[in-house]
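>>> Quick check, what structure comes out for this input:
(2 chains)
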Amino acid sequence: MSMLKFQTVERDSFFTRLDFRPKLVMMAVITIVAFVWESPLLQVAMASLLIVAALVVGVKFSYIRLVITVMIPFYILLLLTHGFFNIDQVKALTGKSELTPMFVFPENWWLIGGGMMSWEGFLYGINAIFKTLSLVLVIPLGVFTTDVDTMIVGMVRARIPYKIAFIFSATLRFFPVLFQEIGMIIEAQRLRGLAMEKMNPIQRVRVYAKVAVPLILGAMVKSQQLEVVLQSKAFSGSPVRTYLHESEMRTVDYLLMLFFVLFFIAATVLYFVFRIGAFGGPI
Amino acid sequence: MSEIIAALDKVSYKYPRSSDFVLKNIDLTIRKGEFFGVIGPTGAGKTTLCLTLNGIVPQFYGGRFFGHVHVAGLDTLDHPISLMASHVGAVFDDPETQLIATSVENEIAFALENLLVSREEIMARIPRALAAVRLEGTEKKHPAELSGGQKQRLAIAAALAVQPDLLVLDEPTSQLDPVGAQEVFATVRELNKELGMTIVMASHAAEEMAEYSDRVALLSHGELAALGGPDEIYSQIERLLQNDLRPPEVASTFYLIQKKGGPIPKIPVWMGEGVETLKKVQKTCEITPPRENWTARTYGGEPLLSLKDLKHVYPDGTEALHGVSLEIREGEYVLIIGQNGAGKSTLVKHFLNLLKPTSGSVKVGGVETSQMTVSDLARRIGYVAQNPDNQIFNATVGEEVAFALKGLGYAAEEVESRTAESLAAMGLSEAREMHPLSLPKGDRARVVIAAILAMKPEIIIFDEPTTGQDYRGAKYILEISRQLHQMGKTVIVITHHLYLMPEYAERVLVMGKGTLLMDAPIREAYHAVKLLQSTFLMPPQAVLLTQELEKLKGQPLPKLLTPDELAGCFRCNHSGRIP
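All right, here's what the predicted structure looks like:
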């Protein structure tokens, strides 16, 4: 049951009552702006705002913690890559001919001796980290706060083809089943006597990779069964159909859409005219 | 004669990639308001027949189709599936796959939305459909929150909401526990009797089909082997057995008594008729209890598996086990029965160290399982999952069997000798280089068991090995369990199919609401009818008939379990007089 709750927040709030269309606009705008901005300060601010907003609307802290925990190795890699190696791009962006050293490894150290982490590269790494965090967190904020039915109708009203909207909802429906299946297969493997606890990480990855065999096989069987079920329920993928749920835009939905459109225009103008949001810009 | 709602006219069909025809020259009519049963072994063509009724065969699958199917006057070849779907509601076997929406009301609305039914009409039909299957008040629930039986009833409600002329159900109870199966049969029967809904149901549930069907079609290798009333079809015991079908035990019992000269002009096929026939027959035949010694075999020595005051509370606070204590000794064959949620899986997961006790202890060979890893335990306890395919990962049968041995660091010679030995024991030496998934399902289970045997475990657990299997498939795997038992292994089987087990199990653990309700030899456990029924388990009909006979005769009988044993008590002559 825990996987079910992955899909929707339990708290009823202003945000959960919004139509899905302003949320789609929000997700699109935040994604584009996060991609464009390179300012570490603004990226930190936006990611922090998203975390606060997600917590306020009821996304569980444990989920956010899980996302961050899973991403930590990637973040470390980003920081090291930009700090040590992204020299040319950072020089070009800041217009500096020399970067400010944060620390330098002694020359006599094997392999990494003489390596320098630059302050500018470090800041660029911070920008990259919070950029990805914003991209990842905007999804639960938009998706977890929307009932799947409302989401589908909202997507169709936003002229997204019904087939795509249906695939989206079916994915959410079958994710718990898939995860349950993965759990069962891994359990079955362990019960075949595989001493996972004695294996090194590479051996474990190889064993886990074998989960794919029964999983794909099972998924293929299930997908064919699903096709037959859909056919028997008169599903053709045609957008010409009725809907039990309605999707009506209220004033607050229009206002939110307007806000994000204005935010997008402002961010674009500020970026290209005043370099606000650019790396090495005023903010 | 009532109106014909569906007609198959010389229907033959071959799937695009099948080598032979799956349906061969089928002529059938289904009448309005009829409960029409379709029976046959796996591969007989039951599902294909069901799918011809809404045009999915051949419109969706393609292939070669001959003849015509008319439903509600429409030729399924000339009308799109989407139109046929408004006349034929379909319910399939797997409750997980056939529910596609994220709420109960959406599940019901889905087909109606596709059929362009107005929103107001959909909102009016949802409560009516839910009321018909007694699921009122669940509109906003996620289907995953429902039990197995409720899920199937929801699938029925979704089909009913379309207001079809015909409701087709393909093995709707095969994946369910007894409570779920009873819920579905009760619902379908009510729809048929009270609302006059025409039902076509394919099922292996012999007892229920014999009782509820108006007519039954027996399919064999794609052909219509027999068609008639359930009394006619289910009384042909030899024909059923030839087709790998299990007759209702009541029919088997009176068939055997008839063969011994019992005055039985018509073999009863359902329990009510059986009791009436028993009343007559027992007056004219002598009842002689068999002389066999059926004392339960006892096992000595130290317990191989022992549980003491085992309690388990899940993190969400659910108390799944309340102080269970039991001991299983080397060489025993133990059957664990109970409803879903009774605590069977939780219990078995403790044997395998997949769950830790909240309190109490679990010992294997005198050692606390908490001191052992899952892989240590797997060397002592083999586990055969309900779906053996989940335990198959390798490209050849030989590699599959050797897989865990290599992982455990055995020397190459040891791996080879154990692999060869296990393959030979399971009769798979010839299949060593074959891909495991290219083998039939029963043989795939053998591959998994061979892999388990290679670890030389003392205990082998079969988890629901008969669920979703036809009679032949179920017997096949139970015969393997017998073979392992004869090899000296301790065997534990979990199943809902009590009628399959008298030939195999010696001892029964009845679980209910997290407690061990009964731990007794099989004869005693199966005859604790009230206890079994209190936990919605249905004892085999032979047991019920034995108890009925005891009442009629006023004399105690041994605790008989099978039609053979019960029929063995009757001594009749052909004149119908007591010899």
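>>> Tell me, how many residues neighbour residue 73?
Using chain A. Burial of A:Pro73 is recorded as 9 neighbouring residues (other C-beta atoms under 10 Å in any protein chain shown). Heads up, the C-betas are built off the backbone N, CA and C, glycines and all.
>>> right idea, wrong chain: chain B
Other residues within reach of B:Gly73, judged by other C-beta under 10 Å, total 11.
>>> Could you do B:Glu292 as well?
The burial metric for B:Glu292, expressed as a neighbour count using other C-beta under 10 Å, is 9.
>>> need the contact list for the residue of the stretch 151-300 of chain B found nearest chain A.
Nearest residue of the stretch 151-300 of chain B to chain A: B:Ala158, at 7.4 Å (C-beta to the nearest C-beta). Listed by C-beta atoms under 8 Å, 6 or more residues apart in numbering or on different chains, the contact set of B:Ala158 reads A:Lys233, B:Gly89, B:Glu107, B:Ile108, B:Phe110, B:Ala111, B:Ala129.
>>> Tell me the helices and strands packed up against the helix or strand the fourth one falls within.
Counting by DSSP states H and E, the element that carries B:Ile108 is helix B:104-114. Other helices and strands packing on helix B:104-114, by 3 or more C-beta pairs under 8 Å, 6 or more residues apart in numbering or on different chains; DSSP states H and E, are helix B:119-132, helix B:148-161.
>>> ok, then the element right after the last one?
Going back to what we said before, that points to helix B:148-161. Heading towards the C-terminus - elements assigned by DSSP H and E - helix B:148-161 is followed by strand B:166-170.
>>> from what I can see B:Lys441 touches B:Asp470, true?
No - assessed by C-beta atoms under 8 Å, B:Lys441 is found out of contact with B:Asp470, at 10.4 Å.
>>> Which one of the two is surrounded by more residues?
Ranked by neighbour count (other C-beta under 10 Å), B:Lys441 and B:Asp470 place B:Asp470 first, with 22 against 17.
>>> Please put the alpha-carbon coordinates of the longest helix belonging to chain B into CSV.
Counting residues, the longest helix in chain B under DSSP state H turns out to be helix B:178-195. Provided in CSV are the C-alpha atoms of helix B:178-195 (Å, rounded to 0.1, in the frame of the first residue of the first chain):
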residue,chain,number,x,y,z
PRO,B,178,-12.2,-19.7,-1.0
VAL,B,179,-13.9,-16.6,0.5
GLY,B,180,-13.3,-14.7,-2.7
ALA,B,181,-14.4,-17.5,-4.9
GLN,B,182,-17.6,-17.9,-2.8
GLU,B,183,-18.3,-14.1,-3.1
VAL,B,184,-17.9,-14.3,-6.9
PHE,B,185,-20.1,-17.4,-7.4
ALA,B,186,-22.8,-15.9,-5.1
THR,B,187,-22.8,-12.7,-7.0
VAL,B,188,-22.9,-14.3,-10.4
ARG,B,189,-25.7,-16.7,-9.3
GLU,B,190,-27.7,-13.8,-7.9
LEU,B,191,-27.3,-11.8,-11.2
ASN,B,192,-28.5,-14.8,-13.1
LYS,B,193,-31.4,-15.8,-10.9
GLU,B,194,-32.7,-12.4,-9.8
LEU,B,195,-31.8,-10.1,-12.7
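>>> tell me the average confidence for the helix or strand following it?
Scanning forward in sequence from helix B:178-195, with DSSP H and E defining helices and strands, the next element found is strand B:198-202. Along strand B:198-202, the predicted local confidence has a mean pLDDT of 97.
>>> got any ranges where the stretch 201-350 of chain B has weak pLDDT?
With pLDDT under 70 as the threshold, the stretch 201-350 of chain B has no low-confidence stretch at all.
>>> one more time with 90
Within the stretch 201-350 of chain B, the ranges that satisfy pLDDT under 90 run B:260-262, B:283-284, B:288-302, B:315-318, B:339-343, B:345, B:349.
>>> do the same with chain A
In chain A, residues with pLDDT under 90: A:1-17, A:57-64, A:66-67, A:93-98, A:103, A:107-115, A:139-227, A:236-240, A:245-249, A:280-283.
>>> residue farthest from the centroid of it?
With distances taken from the mean C-alpha point of chain A and given as C-alpha atoms, centre = their mean, the most distant residue is A:Asn108, at 41.8 Å.
>>> which secondary structure element contains that residue?
When the helices and strands are read off by DSSP H and E, none of them contains A:Asn108.
>>> so how far is B:Glu3 from it?
97 Å (C-beta to C-beta, to the nearest Å).
>>> coming back round to it: which one of the contacts of B:Ala158 has the most neighbours?
Neighbour count (other C-beta under 10 Å) singles out B:Ile108 as the most crowded of those, with 29 neighbours.
>>> Now do the same contact list for that residue.
The contact partners of B:Ile108, by C-beta under 8 Å, 6+ apart, come to B:Ile122, B:Arg125, B:Ile126, B:Ala129, B:Leu130, B:Leu154, B:Ala157, B:Ala158, B:Ala161.
>>> mind listing the helices for the stretch 1-150 of chain A?
For the stretch 1-150 of chain A, the helices defined by DSSP state H, counting those that start in this stretch cover A:2-5, A:20-36, A:40-57, A:61-80, A:87-94, A:119-139, A:148-157.
>>> do you know which of those lies nearest chain B?
Nearest to chain B among the helices of the stretch 1-150 of chain A is helix A:148-157; the distance by C-beta to the nearest C-beta comes to 4.4 Å.
>>> Can you confirm whether the closest one lies near chain B?
Yes - residues of helix A:148-157 contacting chain B under C-beta under 8 Å from any C-beta of the partner chain: A:Val148, A:Asp149.
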